[in-house]
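Peer 1: Sequence and computational prediction follow.
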Amino acid sequence: MKSFMKVVLAVTMVMAASLTSPLSQAEAKTNTATYAMYGDIKDWDPSIAFSLEVMMLANVYEPLLWYNPPESEEQFSPALATSWSVSDDGLTWTFKLREGVKFHDGEPFNAAAAKASIERTKSMKKGAWYIWASVDSIEALDDTTLVIKTKKPQPIDLIASSQYGAYMFSPKAAEKGTDWFNEGNAAGTGPYKVRQWVKDQQVVLEKNPEFHGGWKEGNFDRIILKVVTENATQVQMLKSGEADFISLVPADIVDSLNKEEGISAYTVPSWKNSQFLINTQKAPTNNKKFRQALTHIWDYDTVVNDILAGHAEVARGAVPATMWGHNANIEPPAFDLELAKKLIEDSGVPEDQRKITIAYIGTSEAYKNSALLFQENARQVGVEVELLPGEWGVIWDRAKNLETAPNLQSMTWWPTYPTPNDWLIGLFRTEDKALFNLSHYSNPEYDKVLDAGVELEGSDRDAAIKKYHEAQQILMDDAVAIFYADIMTRIARQSNLEGLEANPAYAAVFFHKVTRK
């Protein structure tokens, strides 16, 4: 779910009438933090947004609950719900909501607004809508009581803390539709409002003085999310002080960056993993033995230890080892060119058709170097690999269309909410129209096993895990991807920042918690 966009020299100002004037140089220098973001906001509609948008979403909108970092005393913290409970049969969830909260457009937040937000997201069937698929009905009993009923027991507390698809937004704004949102408009309840959007250049978030969580001395009045696609440029911005945080931190310079005066660079545990999805419907990778051969051409140890500088572990299947429900019995394919040769011969793919394409985000050194290594290893076994680097928005659109899709597509995934089914559904469950199933994989047996696990998750987690283990093994047997790295999150920032919290459940910085020493 990565999204790298290229900064263009000539940009178009995209601002809704409700937004204020552009940020002045004086404002930019006062109590402002700058985050170098590697791509622009693609979808502004909170019912649809499902990628880099999380950096904006988690600061402008709020869900009912926040999921706390692992090993916290409590699993959840209140967001727009102050308390919650579930019936003995696991089918009815009751949330008590905050009073006196207003959306950024002045509309009141209440149970009716929460009901409308969830129902709109579910009905649109876009982005992460599927997290609400098990919901049977939603009732607003009064302004502060929301009741969610499910068909079968489901972990609605986890779902309600999702980083995609669970945000509350103004019903009045929703009536204006997706086009209104996509002009750079927003109407959440979070600590920051959207002040300005300059397409492909920057987003400016400004303090919401009515935020129910309050403000303390030192909190930033505004945040600039600046679109910077190049690793080297981001690093230079950090060194010069032009950026306070950067999102593109090359693995091989984490240690050296940390030695720079005024900079802190380090890694933290994550629920992220990287893979190259293999197109199961496009020749020659529609051939299972040929796909299996590709998994043995990949040099797992070199990629993890050298290209990723040891800030990762070799993956064992689709679900990271740090996530509950991971199948630890899965063995990663061995780097074995002789075995790969045999599988290629057994595949029956003629020599003149042993040609594949591999698309990846061109500004990522890790993707590029991994692809180059793979290309050379493939050459040694008679497979020609064409490299297709590009901007995420472009290669993602091409990968979704089977006619223009490559044979292999880069992907780094982080969870919608903390469950293994997010990888298993989001990346590999049958889709009528591909979104992130860029393997174009469709296996009724896999779907059946996965759906059984999802149904069990809310009532019998151990039984659900057995189904998830089975589903992960099916993916390995079908060679739907080269699963190569469970990665650590790499962080680089100015040392004088305080309040940063590492939470693998969210791929965002919670700027409201951060201050400058």
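Peer 2: Nice, thanks for sending it over. Numbers count the residues shown, from 1 in each chain.

Peer 1: how far does the biggest helix by length in the chain sit from the chain's center?
Peer 2: Secondary structure of the chain read by DSSP state H shows that its longest helix is helix 461-478. Helix 461-478 sits 22 Å away from the centroid of its parent chain (C-alpha atoms, centre = their mean, to the nearest Å).

Peer 1: do the same with stretch 183-191
Peer 2: Averaging C-alpha positions (C-alpha atoms, centre = their mean) puts stretch 183-191 20 Å from its chain's average.

Peer 1: cool, and stretch 248-257?
Peer 2: 21 Å.

Peer 1: Could you list the alpha-carbon positions for it in CSV?
Peer 2: Only the C-alpha atoms of stretch 248-257 are listed here, as CSV (Å, rounded to 0.1, in the frame of the first residue of the first chain):
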residue,chain,number,x,y,z
LEU,A,248,12.0,7.7,2.9
VAL,A,249,14.8,6.5,5.0
PRO,A,250,17.2,4.3,3.1
ALA,A,251,18.0,1.2,5.2
ASP,A,252,21.8,1.5,4.6
ILE,A,253,22.1,5.0,6.1
VAL,A,254,20.0,4.6,9.3
ASP,A,255,23.2,4.2,11.4
SER,A,256,25.1,7.0,9.8
LEU,A,257,22.1,9.4,9.9
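
Peer 1: For it, what does the pLDDT average out to?
Peer 2: The average pLDDT for stretch 248-257 rounds to 93.

Peer 1: Give me the three-state assignment for Y266.
Peer 2: At Y266 the chain is in strand, as set by DSSP: H, G, I helix; E, B strand; the rest coil.

Peer 1: Check which helices and strands the host helix or strand of L424 sits against.
Peer 2: Using DSSP states H and E, L424 sits within helix 421-426. Helices and strands touching helix 421-426, as assessed by 3 or more C-beta pairs under 8 Å, 6 or more residues apart in numbering; DSSP states H and E, comprise helix 444-457, helix 461-478. C-beta coordinates here come from the backbone N, C-alpha and C atoms, glycine included.

Peer 1: Run through who's touching that helix.
Peer 2: By C-beta atoms under 8 Å, 6 or more residues apart in numbering, the surrounding residues in contact with helix 421-426 are 130, 273, 318-319, 325, 413, 415-416, 435-437, 450, 453-454, 457, 468, 471-472, 475.

Peer 1: I would like a ChimeraX command selecting only the buried ones among these, please.
Peer 2: Buried residues within these, by 16 or more other C-beta atoms under 10 Å, are selected in ChimeraX with:
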select :130,273,318,319,325,413,415,416,436,437,450,453,454,457,468,471,472,475
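
Peer 1: thinking again about what came up before, ok, and for the longest helix of the chain, which residues are buried?
Peer 2: Across helix 461-478, burial judged by 16+ other C-beta under 10 Å covers 461, 464-476, 478.

Peer 1: Just flag the most distant two among those.
Peer 2: R461 and D478 (25.6 Å; C-beta to C-beta).

Peer 1: Any regions of the stretch 1-150 of the chain where pLDDT drops low?
Peer 2: Within the stretch 1-150 of the chain, the stretches with pLDDT under 70 are 1-29.

Peer 1: show me what contacts the closest residue to G453 other than its chain neighbours?
Peer 2: Nearest non-adjacent residue to G453, counting by C-beta to C-beta, 6 or more residues apart in numbering: K467, 3.2 Å away. By C-beta under 8 Å, 6+ apart, the contact set of K467 is 449-450, 452-453, 456.

Peer 1: closest to K125 among those?
Peer 2: Using C-beta to C-beta, the contacts of K467 come closest to K125 at L450, 18.3 Å.

Peer 1: show me what contacts the nearest residue in space to that closest one that is not next to it in sequence?
Peer 2: The spatial neighbour of L450 that comes closest, neighbours along the chain excluded (C-beta to C-beta, 6+ apart), is A471 at 4.7 Å. Applying C-beta under 8 Å, 6+ apart to A471 gives the contacts 424, 446, 449-450, 453.

Peer 1: of the residues you listed, closest to V198?
Peer 2: Distance to V198 across those (C-beta to C-beta) is lowest for L424, with 38.1 Å.

Peer 1: Read off the pLDDT value for that closest one.
Peer 2: We have a pLDDT of 97 for L424.

Peer 1: Noted, bye for now.
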